[in-house]
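*Asks:* Prediction below, plus the sequence it came from.
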Amino acid sequence: MNQYFVYIMSSYRGTLYTGVTNDLARRVYEHRNKLAEGFTSRYNIAKLVYYETTMEVESAIAREKQIKGWVRSKKAVLIDSMNPYWVDLAEGMSF
């Protein structure tokens, strides 16, 4: 059975990125090590501040699109609900 993650990462300056993956540890590793060119590499997005899980890829993609459509303040409220101090949730993950 597969598990999918919708996640939000932040730069240390507060720039946010929302994504979806089936392997959160691997994806965070890729962002941190700038293995793919693009937004996260350009803005140094490296801190995992929020994630949620689902068993259905369609649900994950729909949720990602929903969150991406929100204004920053609404995303911040979502992050605060799980991680009020915006600590790096990936610190305990094995890469």
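*Replies:* That came through, no problem. All values derive from a computational prediction rather than experimental measurement.

*Asks:* Make sure Thr18 is indeed in a helix.
*Replies:* No: checked against DSSP: H, G, I helix; E, B strand; the rest coil, Thr18 lies outside a helix; its state is strand.

*Asks:* For it, give the beta-bridge partners.
*Replies:* For Thr18, the beta-bridge partners are Ile8 (DSSP bridges).

*Asks:* So it is in contact with Leu78, correct?
*Replies:* No: with contact defined as C-beta atoms under 8 Å, Thr18 does not count as touching Leu78 (9.8 Å). C-beta: built from backbone N, CA, C; applies to glycine.

*Asks:* which one of the two has more residues nearby?
*Replies:* Thr18 (19 against 16; other C-beta atoms under 10 Å).

*Asks:* about what we covered before: please enumerate the shared neighbours of Thr18 and Leu78.
*Replies:* Common neighbours of Thr18 and Leu78 (criterion: C-beta atoms under 8 Å, 6 or more residues apart in numbering): Ile8, Ile67.

*Asks:* The protein: strands as residue ranges?
*Replies:* Along the chain, the stretches classed as strands by DSSP state E are 4-10, 16-21, 47-54.

*Asks:* tell me which strands and helices the shortest one is in contact with?
*Replies:* Yep, that's strand 16-21 we're talking about. Counting contacts by 3 or more C-beta pairs under 8 Å, 6 or more residues apart in numbering; DSSP states H and E, strand 16-21 is packed against strand 4-10, helix 24-32, helix 57-68, helix 72-82.
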